[in-house]
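Trainee: Output the structure for:
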Amino acid sequence: MKSFVAKAIVDLPPSGIRKFFAIASEMEDVVSLGVGEPDFETPLNIREEAIRSLEQGQTRYTNNSGLPELRSEISRYMSKYGLNYNPETQVLVTVGASEGIDITMRAILDPGDEVLVVEPCFVAYTACVRMAGGVPVAIPTSAGNGFQVTAGDIEARITPKTKAVILSYPNNPTGAILPRKNLEDIAELLRERDIVVVSDEIYSELTYGDAPHVSIASLDGMADKTIVINGFSKTFAMTGWRLGFACGPADLIDAITKIHQYVLMSAPTTAQHAGIEALRNGSAGIATMRKEYDDRRRFLLGELRDMGFDCFEAQGAFYLFPSIKRFAASSEEFCAQLLSEQRLAVVPGKAFGDSGEGHIRISYAYSIDSIKAALLRLRRFI
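Mentor: Residues are numbered from 1 along each chain as shown. Predicted coordinates for the structure are as follows:
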């Protein structure tokens, strides 16, 4: 039956993360610092609101775009980043940020259109571009420049076929953030060009420096050509609720909503009611989690450097991306041997694009006890 599978899917490599952890899941006594999932429980008030909605029988389909109350709360929430979206026409509630990325690509790409993808990057970007008939064009970054893309990097790869650029800061897997100056330079480059910006800001609440998160959509002339993708998974520890959103120009959101209508109808109703409570009364939980992540970040960074790793100091998200070049030539071989010998699972940097080779991704979205146990195994391995 393999002959019936579309060539684009046959040629699509499996997720470098899931492929690796499928092996780990079949082994005993494995300690994992690999998955980007908060170890915190969803805050109690959010869970209680979900239960209340179920008890009241609020289990039917919602409006395709999402509950009006939720879209209003999303609009209000985005105003903290200097963005003003009409909740009726410029906000779409999605099944996680991942759906937002997928259907955005399908809505904007014609076959052969090129999409500039800043690497290292979340594994879904290039896959979603390919599945939509587009051509991903990698823009490599490195620890030497703080994994920060520049306007010059983007300009050098623009062709007549360029349709979009995907930005993802704070970044998965590197933990890099993009300074306002870089964003302003990129905005200046793209403002008069027919290129859509897809800005994945799922980690917008998780920054650890003094500078607040800046959305490129908030800069002059960029709101009308930027789709902002965000969600509840990382900010409110709601990964399993599958709730995200896309905001942008009304015409683009309308096109994206068409696909959403056909393939999903609407996001889970219970999750939407929980999302309203999260946005209205969840700020205290955000602050608590951010503080804990920051403590883990600084502890893990110090331990890795003490072992001899060259490690870029992440300023966002909940990942570190240390270099393993002094220990091994291949990140996949390093991770496979680490898993085999010490039962410790981390992610090969190659999973996030060619420019991720020579690194591994370590998540600190785990308890400090789990991090300490993992570090003991890593130190033995080194």
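Trainee: thought residue 307 was touching residue 382?
Mentor: Yes: Residue 307 lies in contact with residue 382 (Cβ atoms under 8 Å); the separation is 5.3 Å. Just so you know, the C-beta spots here come from the backbone N, C-alpha and C atoms, and that holds for glycine as well.
Trainee: does residue 348 really touch residue 331, like I thought?
Mentor: Yes: using Cβ under 8 Å, residue 348 is in contact with residue 331, at 3.9 Å.
Trainee: which residues do these two both contact?
Mentor: Shared contacts of residue 348 and residue 331, defined by Cβ atoms under 8 Å, 6 or more residues apart in numbering, are found at 356, 360.
Trainee: can you pull the contacts of residue 321?
Mentor: Residues near residue 321 by Cβ under 8 Å, 6+ apart: 120, 143, 147, 173-175, 311-312, 314, 349, 356, 359-362.
Trainee: swap that for residue 196, sorry
Mentor: Per Cβ under 8 Å, 6+ apart, neighbours of residue 196: 108, 163, 164, 165, 225, 226, 227, 252.
Trainee: Let me know the secondary structure of the third one.
Mentor: Secondary structure of residue 164, reduced to three states by DSSP: H, G, I helix; E, B strand; the rest coil: strand.
Trainee: Next, count neighbours for it.
Mentor: Residue neighbour count, defined by other Cβ atoms under 10 Å, stands at 21 for residue 164.
Trainee: That one bridge partners, please.
Mentor: Beta-bridge pairing of residue 164 under DSSP bridges involves residue 115, residue 196.
Trainee: I'd assumed residue 109 was in contact with it.
Mentor: Yes: if you go by Cβ under 8 Å, residue 164 and residue 109 touch, sitting 7.4 Å apart.
Trainee: Overlap in contacts, the two.
Mentor: Joint contacts of residue 164 and residue 109 (Cβ under 8 Å, 6+ apart) are residue 115.
Trainee: Can you spell out the domain ranges of this structure, please?
Mentor: 2-42+284-381, 44-281 (automatic domain parsing).
Trainee: Please compute how far the longest one lies from its chain's middle.
Mentor: Per Cα atoms, centre = their mean, to the nearest Å, the displacement of domain 44-281 from the mean C-alpha position of its chain is 9 Å.
Trainee: one step back: now mean pLDDT too, for the domains of the chain, in a markdown table please.
Mentor: Below are these laid out as a markdown table (pLDDT from 0 to 100):
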| stretch | mean pLDDT |
| --- | --- |
| domain 2-42+284-381 | 91 |
| domain 44-281 | 97 |
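Trainee: Could you identify which of those is most buried?
Mentor: Mean neighbours per residue, mean count of other Cβ atoms under 10 Å, is largest over those for domain 44-281, with a mean of 20.
Trainee: Many thanks, have a good one.
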